[in-house]
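J.: Here is my input, please return the structure:
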Amino acid sequence: MLFDKEKAKGNLADILDQLHNNTDAALLQEYYKLYKKEISIFRRSWAAAWLFKYYNEKESPKVRRSAQKSGADKFISTIAEDESKRLFFSIGKNRRLFPREIISLIMTKTSAQREDIGSIRILDNFSFVQVRDTKADEIIEKLTGATFRGRTLSVNHAKPKTAEEGNED
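T.: Got it, this is the predicted structure:
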């Protein structure tokens, strides 16, 4: 098999992005402990390289995340459009916000589970989060007025895409 260096670089960037933005730290810690226990310190780098090679050979270009548009942080997960609502959050990158923190906030303050949260788009001053329509009102109710990162949150149903996209892109 030929080695496609550009594809490998892209996959490595995706892995690091997923590690930074969309990883359950407690679960990753369990994998890390097992990895350290089962693989000697002298073999760990080689094992990591082999795992990366395996991932790179299996990963389809269609599955890889697309490059981020206009510098906005994005997390992509799928919930069917007819089963979801988009919510506006009054906090964004200016508060060093990452998708994993929005996911954690929603899951700790509401009954929503990880599968109830879809795509997340973080812009400079605000964010948009796709959530399952059955959880949208609860999320709005429980998070509006909550303090997060020294700021009182406002969470509302987002305006239609055409109206909101022009504001900060």
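J.: if we look at stretch 83-98, which residues are touching it?
T.: 20-21, 72-73, 102, 118, 122-133, 136, 139-140, 143, 148-151, 153-159, 161, 164 (CB atoms under 8 Å, 6 or more residues apart in numbering). Just so you know, the C-beta spots here come from the backbone N, C-alpha and C atoms, and that holds for glycine as well.
J.: In contact with Glu101, which residues?
T.: Applying CB under 8 Å, 6+ apart to Glu101 gives no contacts.
J.: Secondary structure element for it, which one?
T.: helix 99-109 (DSSP states H and E).
J.: so how far is the longest helix along the chain off the chain centroid?
T.: When the chain is parsed with DSSP state H, its longest helix is helix 5-21. With CA atoms, centre = their mean, to the nearest Å as the basis, helix 5-21 stands 14 Å off its chain's centre.
J.: Quickly list the domain ranges of this protein.
T.: The chain breaks down into these domains under automatic domain parsing: 5-58, 73-165.
J.: Would you reformat these as JSON lines and include mean pLDDT?
T.: Shown next, in JSON lines, are the domains of the chain (pLDDT from 0 to 100):
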{"stretch": "domain 5-58", "mean pLDDT": "85"}
{"stretch": "domain 73-165", "mean pLDDT": "87"}
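J.: Pick the most deeply packed of those domains.
T.: domain 73-165 (a mean of 16; mean count of other CB atoms under 10 Å).
J.: Can you show me the CA trace of the helix holding Glu101 as PDB?
T.: What follows is helix 99-109, C-alpha atoms only, in PDB (Å, rounded to 0.1, in the frame of the first residue of the first chain):
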ATOM      1  CA  PRO A  99     -17.400  21.600  22.300                       C
ATOM      2  CA  ARG A 100     -16.500  19.100  25.000                       C
ATOM      3  CA  GLU A 101     -17.300  21.700  27.600                       C
ATOM      4  CA  ILE A 102     -20.700  22.500  26.100                       C
ATOM      5  CA  ILE A 103     -21.500  18.800  26.000                       C
ATOM      6  CA  SER A 104     -20.400  18.400  29.700                       C
ATOM      7  CA  LEU A 105     -22.500  21.500  30.700                       C
ATOM      8  CA  ILE A 106     -25.600  20.200  29.000                       C
ATOM      9  CA  MET A 107     -25.200  16.700  30.400                       C
ATOM     10  CA  THR A 108     -24.500  17.800  34.000                       C
ATOM     11  CA  LYS A 109     -27.400  20.300  34.200                       C
END
